[in-house]
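Chemist: just the structure for this:
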Amino acid sequence: MEDSPRSGGMSSPEAKLGMRVEDLWDVQEPQLTPTEKLNACFESVPVSAFPPASSQVIEIKSDCSLAEAVQILTKHRILSAPVVDVEAPEDASWIDRYIGIVEFAGIVVWILYQSELASPRKNGGSPAAGFGTGGKEEAITAVAAAANGMNSPRRLKNLGFEPAEPTPGSFFEALTSSEFYKNTKVRDISGSFRWAPFLALQKSNSFLTMLLLLSNYKMKSVPVVDLGEGKIDNIVTQSAVIHMLAECVGLSWFERWGAKKMSELGLPTMKPDQVIKVNEDEPVLQAFKLMRKKGIGGIPVVESGGRKAVGNISIRDVQFLLTTPEIYREFRSITAKNFLVAVRKYLEQHNEASPMLSGMITCRRNQTVKEMILMLDSVKIQRVYVVDEDGNLEGVITLRDIISKLVHEPRGYFGDFFDGVLPMPQNSRV
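Modeler: Numbering: from 1, shown residues only. This is a model prediction of the structure:
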């Protein structure tokens, strides 16, 4: 068995947090089930105990251009970032300091909206003819509806239900060189949570609350605010939680839970015919459109006429359409297969590390939770595809799926939390 943090073999902040859970586990009432014990342990740990991913929270200024925002998200390898209002006073509360969240999910909607404006159905066929020609209010509404993980994909009616049209290889060069793209500001595409800039926790909230938001409520990340400073103190992501769990190998509470097979926990949750996928010959924008319509963060690309996956496209991969638009010139249209080929070639030529170079990461139903966690953490990916003996797709297991099996939501746990019980600062304008 791997070294236990108790033995001194591990001393990471995440391992120490796991040891704290271990100490709490040892004093729980014996009649409690293992799941009830874990719930009680995590309810006793404040979210402030979660180690920060870095020494500084990455923020984006509201007057940044969309192009600058994409570069920042790409550089720091993050899915989203809070948007700071450059006009907010120095002593502003957190609700007044931030105006929302900008994330790749919202940028995808913006791109889809622009591609539909520029489609032959709506103009004479010129790739750039439609950029920025739609109503500004309509464009902002379309993007804001998807810019926060708490919003329902059903609100994306602006995108239409028809499949995405083929995208010419020159489309994204035309888009990224347009004045419209250069002049679009982050404040125009940042999404908010109802009346607050985003759903947040305060440092005294429990670890259990955070885990439930990241699993049952499908949030990719949860900001933790410091009410005294009026700023974000930490941003906890699903990936960070999986890394913490990987650092807990050797602890009895983790080993007991981690020894379970995925099938014992009911994973994957869908049947093979329920897996959302895109054919390799379909437009790459169809992959992103399906992600937003279905509210998922990634999609497998399958071979023509079969069930074998040849690659994966995740929501963050939209960056390659905007930061390297020149790599698609040789393609008459950017299909899902062409997209994978072009991006992989680019990454290899520039010696850049990326999950896209790892190929399809797959597993079998009889693998354990522990094996899955170590795999997801080592490769730094968001999902693993379940395949049968012949390599055919049987399902998908995501970070959220695993976290959701760690704890359960007690009846009435959140109460009226989502109706406005957020960490309210004094003297807020809201």
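Chemist: how about residues contacting stretch 380-391?
Modeler: Contacts with stretch 380-391, where a contact means CB atoms under 8 Å, 6 or more residues apart in numbering, come from 238-239, 262, 268, 297-298, 300, 308-309, 312, 314, 355, 358, 360-365, 372, 375-376, 393-399. To be clear about C-beta, it is placed using only N, CA and C from the backbone, and glycine gets the same treatment.
Chemist: ok, which stretches of this protein are strands?
Modeler: Taking DSSP state E, the strands of the chain run over residues 60-61, 80-84, 98-103, 201-202, 221-226, 231-237, 278-279, 298-302, 309-314, 362-363, 383-387, 393-398.
Chemist: now the fourth one, how far from the centre of its chain.
Modeler: Put plainly, it is strand 201-202. Relative to its chain's centre, strand 201-202 lies at 19 Å (CA atoms, centre = their mean, to the nearest Å).
Chemist: which neighbouring elements make contact with it?
Modeler: Applying 3 or more CB pairs under 8 Å, 6 or more residues apart in numbering; DSSP states H and E, one finds that strand 201-202 contacts helix 207-215, strand 221-226.
Chemist: hmm, which of the contacts of stretch 380-391 are the buried ones?
Modeler: Buried residues within the contacts of stretch 380-391, counting neighbours by 16 or more other CB atoms under 10 Å: 238-239, 262, 268, 297-298, 300, 309, 312, 314, 355, 360, 362-363, 365, 372, 375-376, 393-399.
Chemist: if we can go back for a sec, let me know which of the helices and strands packed on strand 201-202 is the nearest to M244.
Modeler: Smallest distance to M244 across the helices and strands packed on strand 201-202 (CB to CB): 10.0 Å, for helix 207-215.
Chemist: could I get the average pLDDT for the closest one?
Modeler: Mean per-residue pLDDT for helix 207-215: 96.
Chemist: same question, stretch 177-192
Modeler: Mean predicted lDDT for stretch 177-192 stands at 84.
Chemist: repeat for stretch 114-126
Modeler: For stretch 114-126, the per-residue pLDDT averages 64.
Chemist: which residues does the nearest residue to I72 once chain neighbours are set aside contact?
Modeler: Take I72 and drop its neighbours on the chain: the residue closest to it by CB to CB, 6 or more residues apart in numbering is I60, 5.7 Å away. Residues in contact with I60, defined by CB under 8 Å, 6+ apart, are 68-69, 72, 81-84, 102, 186.
Chemist: quick check: bridge partners of I60?
Modeler: V83 (DSSP bridges).
Chemist: want to throw the helices and strands packed on strand 201-202 into TSV with mean neighbour count?
Modeler: Formatted as TSV, the helices and strands packed on strand 201-202 follow (neighbours: other CB atoms under 10 Å):
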stretch	mean neighbour count
helix 207-215	23
strand 221-226	23
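Chemist: can you tell me which of those is nearest to L245?
Modeler: It's helix 207-215; of those, that one is closest to L245 (CB to CB) at 10.6 Å.
Chemist: what's in contact with that closest one?
Modeler: For helix 207-215, using CB under 8 Å, 6+ apart, the contacting residues are 39, 42-43, 45-47, 49-50, 199, 201, 219-222, 224, 236-238, 241, 400, 403-404, 406-407, 409, 413-414.
Chemist: list only buried entries from those residues.
Modeler: With burial judged by 16+ other CB under 10 Å, the buried subset of those is 39, 42-43, 45-47, 50, 199, 201, 219-222, 224, 236-238, 241, 400, 403-404, 406-407, 409.
Chemist: from V396, how far off is H408?
Modeler: 22 Å (CB to CB, to the nearest Å).
Chemist: just to revisit the earlier point, just flag the most distant two among the contacts of I60.
Modeler: Within those, two members stand farthest from each other by CB to CB: E68 and P82, at 15.1 Å.
Chemist: more crowded one of these two?
Modeler: More neighbours surround P82 than the other of E68 and P82, with 25 against 15 (other CB atoms under 10 Å).
Chemist: wait, isn't the more buried one in contact with F198?
Modeler: Yes - using CB atoms under 8 Å, P82 is in contact with F198, at 6.7 Å.
Chemist: can you check which residues contact both of the two?
Modeler: Joint contacts of P82 and F198 (CB under 8 Å, 6+ apart) are 98, 100-101, 223.
Chemist: what bits of the stretch 151-300 of the chain have low per-residue confidence?
Modeler: 151-161, 191-196 (pLDDT under 70).
Chemist: could you rerun that using 80?
Modeler: 151-162, 189-196 (pLDDT under 80).
Chemist: tell me where it has helices.
Modeler: For the stretch 151-300 of the chain, applying DSSP state H, counting those that start in this stretch gives helices covering 171-177, 179-183, 207-215, 238-246, 252-258, 284-294.
Chemist: which strands or helices does the fourth one pack on?
Modeler: Taking 3+ CB pairs under 8 Å, 6+ apart as the contact definition, the neighbouring helices and strands of helix 238-246 are helix 13-26, helix 207-215, helix 369-379, helix 399-404.
Chemist: please apply the same query to the shortest one.
Modeler: For helix 179-183, the helices and strands in contact under the criterion 3+ CB pairs under 8 Å, 6+ apart are helix 66-76.
Chemist: tabulate the CA atom coordinates of the helix it packs on in PDB.
Modeler: In PDB, the C-alpha atoms belonging to helix 66-76 read as follows (Å, rounded to 0.1, in the frame of the first residue of the first chain):
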ATOM      1  CA  LEU A  66     -12.200  39.000 -25.300                       C
ATOM      2  CA  ALA A  67      -8.800  38.200 -27.000                       C
ATOM      3  CA  GLU A  68      -6.900  39.100 -23.800                       C
ATOM      4  CA  ALA A  69      -9.300  37.100 -21.700                       C
ATOM      5  CA  VAL A  70      -8.800  34.000 -23.800                       C
ATOM      6  CA  GLN A  71      -5.000  34.400 -23.500                       C
ATOM      7  CA  ILE A  72      -5.200  34.700 -19.700                       C
ATOM      8  CA  LEU A  73      -7.400  31.600 -19.400                       C
ATOM      9  CA  THR A  74      -5.200  29.700 -21.700                       C
ATOM     10  CA  LYS A  75      -1.900  30.800 -20.000                       C
ATOM     11  CA  HIS A  76      -3.100  29.700 -16.600                       C
END
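Chemist: ok, and what's touching that helix?
Modeler: 58, 60, 64, 79-81, 102-104, 107, 110, 176, 181-182, 184-186, 189, 316, 319, 322-323.
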